[in-house]
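In: What follows is a predicted structure for the sequence shown.
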Amino acid sequence: MATDPPKSILKKQPPPSGPSALELTGLTRAQATQLLSLSKTELKPPIPISTFELLSASFPSCTPPSPSDISLLLSHLPNFSPSEYLDLIDERNCLNQCGYALCSNPRRNFPGKVKIRPSGVAKTADLNKWCSDDCALKGMYIHVQLEHPSYEWVGDKGEMKVKIRLREDNDSKGPVEDQRKKVVGLSLDDDMDKKGDEAHEKKQQAGKLAVERNGMSVDRVEVSIGEKEITQPPTAPTFSSAQGGQSDAHLMVEGYKIGSRGKKPKNTDGESDDDEDDDFIPSIRIEALNYGKP
Amino acid sequence: MADDFGSGNIHDKEVSRLWRAWRTIHEMVADRGYELAEDEIKMSLEAFKQKFTNGDGSPNRSIMSFSARPSTTMIKKFTPPPTPSNPDPAPECGTIWVEFCPEKSSIGISVMKKFVEHCSSNGYKAGILVTAVALSAQARKVMTVTSQYTLIECFLEEDLLVNITHHDLVPTHILLSREEKMALLKRYRLKETQLPRILQKDPIARYLGLKRGQVVKIVRISETAGRYASYRLCV
Ligand SMILES: [Zn+2]
């Protein structure tokens, strides 16, 4: 007996009009999804050697760098990995140029292996990568941004690109320098000029704290310490003197007698209770003895 | 070595080091099967000084470069066996070019590119660059990228001060030709992956310029077994 095939509860979809994009590529759906997932894990292609050459040999073309130089550098930098950026510094150094890509000075040449500077001891090999400390800060500023990238959306395709900002000349005061000045005590006035109100408030608060800590506050308490006069030699306290000669004074702890079942401290009225208890036990004993006799 | 020169020229140490590197690289090229004159390999320090130093005693690396042609035995070893489609195969080796890099501070892309270009434009099949300092990472990349056309190798002068194959504890390594390799695998019924391995970066592999897939025969002298041979595949 022939039965109708089970009816689908799904809505009937119109057959596809033309070949889909997937069919055009000639891939199966599984292959396509696999490719898609692979493209997410894809590593950045290595920077071509020609880019290194472009950014190292006679770059930038003039001093100060032209806007076109800056935009060229900024267009290439997001593709660099941190280690590739260090390679670029290396390449520039090989040509005896300052490691900062927008500086056309030759790199400096300290002799020896280490150099002692106000900020500490540094390897000359590291110092000689740059023409000045300023360029070192600017150069490493980019490296930090590549190591800890923040992304921005670029174009309509929704491509993610590492955001790179160049270090400006006017924020050339690094944190290390600031801290050193603070220790010397120069920082307060310096900050005033620079950051205006915020620094002023900071300064006021710092002043208040200093006053408090140094004990220059108005609400001061007078404290004088004098010696106590002694008339007779000291003696140890005794029970008799403390409890007024009571016989069970030795059982009391802080004025209370232990074993009084949470009752209030014993006084002379309670003595009778105790006596009853004591009499009760011997009387049982006597009864028992009498019971055993015929 | 230091006894050879009492006079305190500041360049003496550098020149003697360079001379030792020169001797080792010549021995290496000769050991690989290239033709070199005996007096070139065994040049004395005095002769070396006369030939390759400037007036002030400093070494002149730019005139130290040399080339060498493969010997007939080497050509034979490197010629693949003839096949019906290719009855007269060309040998896989050619003239080698050796250069000492005068750069003292750092070697970048530009130096390496110039060397590679020189090798390929003059038709050298292999090139060895001997440097005083390490290559930059990108220069190394240039070397590996172009090595498909010309085989480029780099050695530090420092690594060539002693010829490692002359050490007592280093056994003799002999490169097998393609036919010898096939015979070996057939005789022991092995696949080549079943052979013990030697890394391409192994000092001996670098000395012999081994390529992936080549097999070396290692001959050890044993007190109990006489000569004892083992084989390693370069990976
Ligand atoms: Zn600079």
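Out: Thanks, I have the structure now.

In: show me where chain B has strands.
Out: In chain B, strands defined by DSSP state E lie at B:66-68, B:96-100, B:126-131, B:151-156, B:172-175, B:197-198, B:215-222, B:226-234, listed in chain order.

In: Excluding residues flanking it in the chain, which one is nearest residue 94?
Out: Unless you meant another one, I'm taking chain A. For residue A:94, ignoring the flanking residues on the chain, the nearest one in space by CB to CB, 6 or more residues apart in numbering or on different chains is residue B:108 at 2.9 Å. (Glycine included, C-beta is placed from N, CA and C.)

In: that answer is for a different chain, and I need it for chain B
Out: residue B:125 (3.0 Å).

In: about what we covered before: closest to residue B:60 out of the strands of chain B?
Out: strand B:96-100 (9.3 Å; CB to CB).

In: Which neighbours in the sheet does that closest one have, and how are they oriented?
Out: strand B:66-68 (antiparallel), strand B:126-131 (parallel) (DSSP bridges).

In: how far does that strand sit from the chain's center?
Out: The chain centre lies 10 Å from the centre of strand B:96-100; the measure is CA atoms, centre = their mean, to the nearest Å.

In: which residues are in contact with it?
Out: Identification of contacts with strand B:96-100 by CB atoms under 8 Å, 6 or more residues apart in numbering or on different chains yields B:18, B:21-22, B:25, B:29, B:32, B:34, B:61-62, B:64-68, B:70, B:115, B:118-119, B:122, B:124-130, B:157.

In: State the number of residues packed around the residue of the stretch 1-150 of chain A found nearest chain B.
Out: Closest approach between the stretch 1-150 of chain A and chain B, counting by CB to the nearest CB: residue A:94, at 2.9 Å. The number of residues packed near residue A:94 is 24, by other CB atoms under 10 Å in any protein chain shown.

In: do residue B:154 as well
Out: 20.

In: What of residue A:92?
Out: Residue A:92: 25 neighbours (other CB under 10 Å).

In: element containing it, please.
Out: For residue A:92, the host element (DSSP states H and E) is helix A:82-94.

In: possible to save the strands paired with strand B:96-100 as TSV with mean neighbour count and distance to residue A:249?
Out: What follows is the strands paired with strand B:96-100, written out as TSV (neighbours: other CB atoms under 10 Å in any protein chain shown; distance: least, CB to CB, whole Å):
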stretch	mean neighbour count	distance to residue A:249
strand B:66-68	17	116
strand B:126-131	24	101
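
In: Tabulate those strands in JSON lines, adding columns for distance to residue A:44 and mean pLDDT.
Out: Listed next are the strands paired with strand B:96-100 as JSON lines, based on distance: least, CB to CB, whole Å; pLDDT from 0 to 100:
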{"stretch": "strand B:66-68", "distance to residue A:44": "40", "mean pLDDT": "92"}
{"stretch": "strand B:126-131", "distance to residue A:44": "30", "mean pLDDT": "92"}
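
In: For the ion, find the nearest of the ones you listed.
Out: strand B:126-131 (26.9 Å; CB to the ion).

In: circling back: let me see the contact set for the residue nearest to residue A:94.
Out: A:56, A:90, A:91, A:94, A:95, B:136, B:138, B:139.

In: Over in chain B, which residue gets nearest chain A? Let me know.
Out: Relative to chain A, the nearest point of chain B is residue B:108 (2.9 Å; CB to the nearest CB).

In: ok, now how distant is that residue from residue B:102?
Out: 14 Å (CB to CB, to the nearest Å).

In: Now residue A:91: closest residue in space, sequence neighbours ignored.
Out: Closest to residue A:91 by CB to CB, 6+ apart is residue A:56, at 4.2 Å.

In: May I have the residues that are in contact with the one you found?
Out: Each residue near residue A:56 by CB under 8 Å, 6+ apart is listed here: A:88, A:91, A:92, A:94, A:95, A:97, B:108, B:109.

In: got the domain boundaries for chain B?
Out: B:2-160, B:165-234 (automatic domain parsing).

In: again, but for chain A
Out: A:49-167, A:174-212.

In: does the ion sit close to the first one?
Out: By that I understand domain A:49-167. Yes - applying CB under 5 Å from the ion, one finds domain A:49-167 touching the ion at A:98, A:100, A:103, A:105, A:131, A:135.

In: Sort out which of the residues you listed are buried, if you could.
Out: A:98, A:100, A:103, A:131, A:135 (16 or more other CB atoms under 10 Å in any protein chain shown).

In: from memory the second one sits against residue A:133, does it?
Out: The reference is to residue A:100. No - assessed by CB atoms under 8 Å, residue A:100 is found out of contact with residue A:133, at 11.0 Å.

In: Low-confidence stretches in chain B?
Out: Low-confidence segments of chain B, defined by pLDDT under 70: B:1-8, B:147-148.

In: how about the residues of it near chain A?
Out: Neighbours of chain A within chain B, by CB under 8 Å from any CB of the partner chain: B:105-111, B:136-139, B:141-142, B:145.

In: quick one: residue A:232 and the ion, what's the gap?
Out: Noted for residue A:232: a distance of 87 Å to the ion, by CB to the ion, to the nearest Å.

In: Provide the secondary structure category for that residue.
Out: Counting by DSSP: H, G, I helix; E, B strand; the rest coil, the backbone at residue A:232 sits in coil.

In: Next, count neighbours for it.
Out: Neighbours of residue A:232 (other CB under 10 Å): 5.

In: Next: residue B:112.
Out: Residue B:112: 26 neighbours (other CB under 10 Å).

In: just how off-centre is stretch B:47-61 within its chain?
Out: The answer for stretch B:47-61 is 24 Å, by CA atoms, centre = their mean.

In: Residues in contact with it: which ones?
Out: Around stretch B:47-61, the neighbours that count as contacts under CB under 8 Å, 6+ apart are B:9-12, B:14-15, B:18-19, B:22, B:43, B:63-64, B:100-102.

In: one more time with 10 Å, if that's ok
Out: Stretch B:47-61 is contacted by residues B:5, B:7, B:9-12, B:14-20, B:22-23, B:39, B:43-44, B:62-64, B:99-104, B:130-132, B:157 when judged by CB atoms under 10 Å, 6 or more residues apart in numbering or on different chains.

In: how about the residues of chain A near chain B?
Out: Within reach of chain B by CB under 10 Å from any CB of the partner chain, chain A has these residues: A:46-53, A:56-57, A:83-84, A:86-96, A:109, A:128.

In: of those, buried ones?
Out: Those of the residues of chain A next to chain B that meet the buried threshold are A:47, A:49, A:51-53, A:56, A:84, A:86-95, A:128, by 16+ other CB under 10 Å.

In: ok so, going back, ok, which of the strands of chain B comes nearest residue A:120?
Out: Across those, closest to residue A:120 is strand B:151-156 (CB to CB), at 32.1 Å.

In: Quick one: low-confidence residue ranges for chain A.
Out: Judged by pLDDT under 70, the stretches of chain A that qualify are A:1-3, A:14-26, A:39-42, A:155-158, A:170-200, A:203, A:210-212, A:214-220, A:238-247, A:259-294.

In: how distant is whichever helix in chain B runs longest from the center of its chain?
Out: Longest helix in chain B, counting residues (DSSP state H): helix B:12-31. Centroid separation for helix B:12-31 versus its chain: 12 Å, with CA atoms, centre = their mean.

In: And stretch B:139-154, by the same measure?
Out: Relative to the centre of its chain, stretch B:139-154 is centred 14 Å away, using CA atoms, centre = their mean.

In: Now for residue 72: which residues touch it?
Out: Defaulting to chain A. Listed by CB under 10 Å, 6+ apart, the contact partners of residue A:72 are A:54, A:55, A:59, A:60, A:61, A:65, A:66, A:101.

In: wrong chain, I was asking about chain B
Out: B:33, B:35.

In: And for the one 5 residues further on?
Out: With contact set as CB under 10 Å, 6+ apart, residue B:77 has these partners: B:33, B:70, B:71, B:91, B:92, B:93, B:175, B:176, B:177, B:178, B:179, B:180.

In: since we're on the fourth one, how many residues are nearby?
Out: What it means is residue B:91. 14.

In: wait, doesn't residue B:79 sit right on residue B:94?
Out: No - between residue B:79 and residue B:94 there is no contact under CB atoms under 10 Å: 11.9 Å.

In: This completes my enquiry, with thanks.
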